[in-house]
Each structure stands twice: as C-alpha cells, then as structure tokens.
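*Asks:* only the shape, not the letters, is given here:
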C-alpha cells in the first residue's frame, strides 16, 4: 500500500516536469516579446499571414471540397511519380557505378598478380646474380689462397 502511494507521488512529480518546461518556455517567449519590438512585429506579421492562409484554405475547402481533395491527390501522385523516377535513376547510377567498380577491382587484381609475378621473377634473377657474385668471391678467395701459398713457397726457398 505504502509502495503504491510512493509510486503515485513519483508519477505526480514526474508529470510536473513537462508542465514546468512549457511554462518556462512561455515565460521566456513573453520576456523576449516584451523587450524586442522587431520580434513582436515579426511575430504579428507571421501570425497574420498564417491566419490569412488558413482562412483562405478553409474557404476553398468549404466552396469546393472535392476540388481541393482532387488537387491534393494530384499533387501527391505527381510527387510519388517524381520520387519513383528519382529512385530509379539512383538505382541505375548505383548499378552502373557498381559495374565500373567491379571492373576496376578486377583490373587491379590482375595487375597486382602481374606485379607479384614480375617481383618474383626479379627476385629469382637477383638470386642468380647473387649466386654469380658468390662464385666470383669464392674464385677470388681461391686465387688469393693460391698466391699466398706461392709467396710463402718463394719465401721459404730463400
């Protein structure tokens, strides 16, 4: 029982927040309107224009309800048709661009494969050059060993 009472109290307090917000907004608007003559004039003109448009529209509806209905239906149908065309155009663009992107991706993939193969070939050729350089180094080392042996033999003979 006491819990229900507390919940009701909380709901009442919670319901006061929107009322306080609206009240604060109205007080703020009243202060602005009271201090700013240009804002008052703008609000007065805007309200007058809105009132005139609403009354004009209401008069048209009273005079010719079917005509207003047909006018609105026509506008809605034209807007739907334009929207449908726009959606179709967007879909065409997406399809076309998607095909081009797919084609470009395939081109990039094939070019990447070619680049990888070229790099592998270059690596193999560089390995071959490295092997030749190693042979040349070994040959020079072998020749130096032979010369040192000859120099040593000559020195020993002296």
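*Replies:* Perfect, thanks for sending it. Just so we're clear, the structure is a prediction, and the values are computed from it rather than from any experiment.

*Asks:* centroid residue for this structure?
*Replies:* Against the mean C-alpha coordinate of the chain, by Cα atoms, centre = their mean, the closest residue is residue 94 at 15.8 Å.

*Asks:* so which helix or strand takes in residue 114?
*Replies:* helix 65-157 (DSSP states H and E).

*Asks:* tell me what that helix is packed against?
*Replies:* Secondary-structure packing of helix 65-157 (3 or more Cβ pairs under 8 Å, 6 or more residues apart in numbering; DSSP states H and E): helix 37-63. Glycine gets a C-beta too; all of them are placed from N, C-alpha and C.

*Asks:* any idea of the mean pLDDT for the helix it packs on?
*Replies:* In this model, helix 37-63 has an average pLDDT of 87.

*Asks:* quick one: it to helix 65-157, angle?
*Replies:* 120 degrees (axes from the mean of the first three to the mean of the last three Cα atoms, to 10 degrees).

*Asks:* report the buried residues of helix 37-63.
*Replies:* Buried residues in helix 37-63, counting neighbours by 16 or more other Cβ atoms under 10 Å, are absent.

*Asks:* report all helices and strands that that helix contacts.
*Replies:* Using 3+ Cβ pairs under 8 Å, 6+ apart: helix 37-63 touches helix 2-35, helix 65-157.

*Asks:* want to throw those into JSON lines with distance to residue 54?
*Replies:* Output for the helices and strands packed on helix 37-63, formatted as JSON lines (distance: least, Cβ to Cβ, whole Å):
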{"stretch": "helix 2-35", "distance to residue 54": "21"}
{"stretch": "helix 65-157", "distance to residue 54": "13"}
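
*Asks:* among those helices, which comes closest to residue 51?
*Replies:* helix 2-35 (17.5 Å; Cβ to Cβ).

*Asks:* neighbours of residue 112, just the number please.
*Replies:* Applying other Cβ atoms under 10 Å, we find 10 residues neighbouring residue 112.

*Asks:* what's the end-to-end length of stretch 54-71?
*Replies:* End-to-end distance of stretch 54-71 (Cα to Cα, to the nearest Å): 17 Å.

*Asks:* pLDDT-wise, which helix or strand of the chain ranks last?
*Replies:* helix 2-35 (a mean of 73; mean pLDDT, DSSP states H and E).

*Asks:* show me how far the helix holding residue 114 is from its chain's centre.
*Replies:* 25 Å (Cα atoms, centre = their mean, to the nearest Å).

*Asks:* fine, thanks again, bye for now.
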